[in-house]
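Colleague: got a predicted model here, sequence first, then my questions.
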Amino acid sequence: MIKVKNLTHYYNNDKALENINLEINKGEFVCLVGESGSGKSTLLSIVSTLLKPTKGELFFENLNYKNIKDIDDFRKTNIGFIFQFHYLINYLTVKENIKIANEKATDNEIYNLLKILRIDNLSNKYPNEISGGQRQRVAIARALINKPKVIIADEPTGNLDSKNSLNVFEIFKKLSQEQVTIIVATHDKNLANFATKIYEVKDGKIN
Ligand SMILES: Nc1ncnc2c1ncn2[C@@H]1O[C@H](COP(=O)(O)OP(=O)(O)OP(=O)(O)O)[C@@H](O)[C@H]1O
């Protein structure tokens, strides 16, 4: 599904990633673990086509990303993003926050997604009226509304307590069982055990 070949990345003259090779299959749940500054976010940004690598190749289902004509459209239709901060819009309701990610989504589709995430009762609430864990589940719903093939999450539980963190990783596990490919960076080695594959990033390398 995703292949990374001989990837090296520099920020100015500083090497952030060195000769990374990865192959991620459809429906795999991959965790990147490693210390702060090890290169996890840089790798996620490159894999999600947000950052162009200095050197190396990236393939999606054997398509070289360099040959993708409209990369913004490709990203929008194929990849769902979840971050440490939810980036919900405070003056929009839960339902409206999801709708802006996909104007064509019907009320029924949004309701079904909220139901799976057990927040269907919060549809008309505003982000500041719900808990941090609930807000992150809304962010997950927003990432899923386009039915992406891949979910990329960078420290998605960084702001959550252990119960809500577990809940988020259980959701990821379930999604991967439904053939969504999940790639998550986390500091938490216990949570990483939910993954089908763990890669340790150390000083910009994966051993
Ligand atoms: N935009 C940038 N400009 C310059 N250097 C950067 C930039 N982003 C990251 N770096 C550097 O690249 C290296 C890898 O950083 P990265 O953010 O990928 O690590 P990380 O493992 O995700 O860290 P954290 O867990 O703290 O988010 C670090 O040395 C960092 O200082």
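Modeller: Cool, got the structure.
Colleague: once you drop chain neighbours, what's closest to the residue nearest the centre of the chain?
Modeller: In the chain, the residue lying closest to the centroid (Cα atoms, centre = their mean) is Ile152, at 1.9 Å. Nearest non-adjacent residue to Ile152, counting by Cβ to Cβ, 6 or more residues apart in numbering: Ser48, 4.6 Å away. Where C-beta positions appear, they are placed from N, C-alpha and C, glycine not excepted.
Colleague: any idea how far the one you found lies from Lys40?
Modeller: Going from Ser48 to Lys40 by Cβ to Cβ, to the nearest Å gives 12 Å.
Colleague: give me the more crowded residue out of the two.
Modeller: For Ser48 and Lys40, the more surrounded residue by other Cβ atoms under 10 Å is Lys40, and the numbers stand at 25 against 20.
Colleague: surely the more buried one and Ala185 touch.
Modeller: Yes - applying Cβ atoms under 8 Å as the test, Lys40 and Ala185 come out as touching, 3.8 Å apart.
Colleague: where do the contact lists of the two overlap?
Modeller: Leu32, Val33, Gly34, Asp154 (Cβ atoms under 8 Å, 6 or more residues apart in numbering).
Colleague: distance between stretch 88-108 and the chain's centre?
Modeller: Centroid separation for stretch 88-108 versus its chain: 19 Å, with Cα atoms, centre = their mean, to the nearest Å.
Colleague: show me what counts as buried in it.
Modeller: Using 16 or more other Cβ atoms under 10 Å as the test for burial, stretch 88-108 gives Leu88, Thr93, Val94, Lys95, Asn97, Ile98, Lys99, Ala101, Asn102, Ala105.
Colleague: tell me which helix or strand the fourth one sits in.
Modeller: Same thing as Lys95. According to DSSP states H and E, Lys95 maps onto helix 94-99.
Colleague: next, the nearest residue to Ala105 once chain neighbours are set aside: phi, psi?
Modeller: Distances taken as Cβ to Cβ, 6+ apart place Ile145 nearest to Ala105, at 5.1 Å, with adjacent residues excluded. Per-residue torsions, Ile145: phi -70, psi -20 (degrees, to the nearest 10).
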